[in-house]
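Trainee: Return atomic coordinates for the entry below.
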Amino acid sequence: MARPEFASDVSREEFESVRGMLEAARRRTRPRKHDLYDVFCAVLYLLETGSAWRGVPAGFPPWRTVHEYFTQWTALRPGEPMLLEAALERVGRPAAVAALHKMLGRR
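Mentor: Residues are numbered from 1 along each chain as shown. This next block holds a predicted model:
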């Protein structure tokens, strides 16, 4: 069953421009259960709505899964921006970058 679309979603084409960089952060353990596009859109939803983690709407992957990816994507990399920050900039989401910094208490 397809999940509902949200205003915060990016298009599949926009997502393809950041897929490689986001997949590179993944720990190679077992096959992925959830579409990475849906995880990324869930993170965008959280950043743009300010919702709590447990408030991830039905249709997105479970909030714990989304949080785990968020943690991987926001790990500090010496001398480089966070992976999520770079991905948000690439898809043209400056408001989401600002929300990310606010959420993490940075800048």
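Trainee: From now on I want contacts and neighbour counts done on CA atoms only, so please keep to that.
Mentor: Will do.
Trainee: low pLDDT regions in the protein?
Mentor: For the chain, the stretches with pLDDT under 70 are 1, 27-28, 107.
Trainee: Centre of the chain to the longest helix anywhere in it, how far?
Mentor: Assignment by DSSP state H gives helix 36-49 as the longest helix of the chain. Distance of helix 36-49 from the chain centroid (CA atoms, centre = their mean, to the nearest Å) equals 5 Å.
Trainee: Give the other helices and strands that the next helix or strand after that helix contacts.
Mentor: Next along the chain after helix 36-49, taking DSSP states H and E as the criterion, comes helix 63-73. On a contact count with 3 or more CA pairs under 8 Å, 6 or more residues apart in numbering; DSSP states H and E, helix 63-73 meets helix 36-49, helix 83-90.
Trainee: Which residue, neighbours along the chain excluded, lies closest to residue 53?
Mentor: Nearest non-adjacent residue to residue 53, counting by CA to CA, 6 or more residues apart in numbering: residue 63, 5.8 Å away.
Trainee: Thought residue 54 was touching the one you found, still the case?
Mentor: Yes - using CA atoms under 8 Å, residue 63 makes contact with residue 54 at a distance of 5.8 Å.
Trainee: Look at those two and report which has more neighbours.
Mentor: residue 63 (19 against 11; other CA atoms under 10 Å).
Trainee: Nearest to residue 76 among the helices and strands packed on helix 63-73 would be which one?
Mentor: helix 83-90 (8.4 Å; CA to CA).
Trainee: Check which helices and strands the closest one sits against.
Mentor: Secondary-structure packing of helix 83-90 (3+ CA pairs under 8 Å, 6+ apart): helix 12-23, helix 63-73, helix 94-104.
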